[in-house]
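> Make a model of this:
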Amino acid sequence: MAKNFITFVANNSSMNELKVLVSAYACNPVGSLQLHPGEDITGWRLVEQLSKNHKVWVITHSYNRDGVKKALAQGFASGIHFCFINLPSPFGLLYKVEFGQRIYYYLWQILAWKTARKLHRKFHFDLFHHLTFGNYWMPSFIGALLPIPFIWGPIGGGQKTPKQLQREYSLYGRFAERVRTMAQWIGRNEYFRRRCLKKARAILVCNRETKLRIPEKNKIYYFPVNGVSLDDINPESNGKIPKSTFRVLTAGRFHRLKGFALAIRSFKIFAEKFPNSEFIIVGKGPEESYLKELVESLRLQSKIQFFPWLSREKLLSKMRSSHVFLFPSFRDGGGGVVVEAMASGTPVICLDTAGPGFHVQEKWGIKIKPKDSGYIITEMAKALETLYLNEHLRMNMGISGCKRAAEFYLWDRLGERMQDIYQDVLDDERSGVETAKPRD
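Predicted coordinates for the structure are as follows:
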């Protein structure tokens, strides 16, 4: 393990400084496009925030090594101790199967537990925090077994594709959803996961659906898995919004659960009524060919442009130069692009489910009930028309979304909230209270 352990010592002197062990499988400042970029950034940013008040040790996967070392060499997040571990290379083949990465992650957790036990003997941690992956139905072996206070989350995974919308999936897609449902049931009843629920002093959840599936309500705090920096909210960096063309934007992995096909069909209805419109789709993924064929079959080639993955800075620029951000994901636990659109001052149209449904309120977006596909397509087209015709409404929604992002989603704000949760947990630990006080 020694060659995988690198230490950067900080000059922290807080009176309340703790020695905190963190499990963050995904923790990468640049995000790994091939793996899980959203959770990479979340893991990195939250670890940064924790290190402002505490001494932090992080157990993470070795794929993060290059990104972490580069960031630390540039002076970011100094004072954090990273331990990089991975399973033997043959296990990497699991990542070639859709559900295989979850099996890999489960096995990786066992290795992380063995590593944590060695580190605890040496450093005697005050608290353990499981950050990523954030999944309520998969256990943290460290949280279940290490004999110190344990904080779990932010976690999601309670969301499901509404039954009416599963018809949008291929036969394989419907089979995969059933496998996921079966895995959730097995996970919920797994011994170490049940022990995590019992032992956790606080459970941070990122959407309503996940909260409903956790019986220990008195331990739950709402906490998003997505955030933004102050620079993301700076209106001075706005791109130019075209005056003659109404621009609609969406972005994400081209995966069945994102609902991009419904977005394209709804734009077809809207564009027939308002021909001075265009739709920009940013991303990559297994459904790319299907989506491009759909655009051709609807004869929308002149109206819809596909862009491959963009850097975060370029994507934010696209958001700032668009009139509306359309994101009809069926069960996105976090939906970070929605928060980024809010920070960019761009009104959001999404389904009222999971992460996007949690982020968006009527002051800065339009939420559509996740009924059948026909209903959603019609309502999204109506929502686009509403925002097209009412510039004043668009401007007010953009301002309100930007304000919400600044007040709630700045990483510094989330760091302060995390510090409050830590304080609750430690206060309860000292007083002998078994659970943290919930604060929604």
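> And for Asp427, the neighbour number?
Neighbouring residues of Asp427 were enumerated by other CB atoms under 10 Å; the total is 12. Where you see a C-beta, it was placed from the backbone N, CA and C, and this is true even at glycine.
> if I look at it, how far off is Asp420?
From Asp427 over to Asp420 the distance is 10 Å, taken as CB to CB, to the nearest Å.
> for Phe279, what are its contacts?
With contacts taken as CB atoms under 8 Å, 6 or more residues apart in numbering, Phe279 has the following neighbours: 248-250, 263-264, 267, 271, 300, 303-305, 326.
> Need the max-distance pair from those.
Across these, no pair lies farther apart than Leu249 and Leu300, at 15.2 Å, counting by CB to CB.
> Mind checking which of the two has more residues around it?
Counting neighbours by other CB under 10 Å for Leu249 and for Leu300 shows that Leu249 has the greater number, 25 against 17.
> Next up, phi/psi of that one, please.
Backbone torsions of Leu249, given as degrees, to the nearest 10, read phi -130, psi 140.
> which helices and strands sit right next to the host helix or strand of Ala341?
Assigned by DSSP states H and E, Ala341 belongs to helix 336-343. With contacts defined as 3 or more CB pairs under 8 Å, 6 or more residues apart in numbering; DSSP states H and E, the packing partners of helix 336-343 are helix 37-51, helix 312-320, strand 324-327, strand 348-351, helix 354-359, helix 391-404.
> Now do the buried residues in the second one.
Looking back up the chat, that one is helix 312-320. 315-320 (16 or more other CB atoms under 10 Å).
> Among those, which one lies nearest to Ser140?
The shortest distance between Ser140 and any of those, using CB to CB, involves Leu315 and amounts to 31.5 Å.
> Any chance you could spot the residue sitting in the middle of the chain?
Here the mean C-alpha position of the chain is nearest to the C-alpha of Gly334 (CA atoms, centre = their mean), at a distance of 3.8 Å.
> how close does it get to Gly345?
21 Å.
> Over to Ala71?
In this structure, Ala71 and Gly345 are separated by 28 Å, where distance is defined by CB to CB.
> same question, Asp66
Taking CB to CB as the measure, Asp66 falls 34 Å from Gly345.
> how about the helices of the stretch 1-150 of the chain, start to end?
Read by DSSP state H, counting those that start in this stretch, the stretch 1-150 of the chain holds these helices, from start to end of the chain: 37-51, 65-73, 100-123, 141-145.
> Now do the helix or strand just after the shortest one: everything it contacts.
If I follow you right, that is helix 141-145. Using DSSP H and E, the helix or strand that directly follows helix 141-145 along the chain is strand 150-155. Contacts to strand 150-155, defined as CB under 8 Å, 6+ apart, come from residues 42, 127-131, 134-136, 140, 142-143, 196, 199-206, 210, 221, 223-225, 421-422, 425.
> Going through the residues you listed, which ones are buried?
In the contacts of strand 150-155, burial by neighbour count holds for 42, 127-131, 134-136, 140, 142-143, 196, 199-206, 210, 221, 223-225, 421-422, 425, counting by 16+ other CB under 10 Å.
> Who are the contact partners of Pro187?
Wrong residue type there; residue 187 is Gly, not Pro. Under the criterion of CB under 8 Å, 6+ apart, the contact list for Gly187 reads 137-139, 193.
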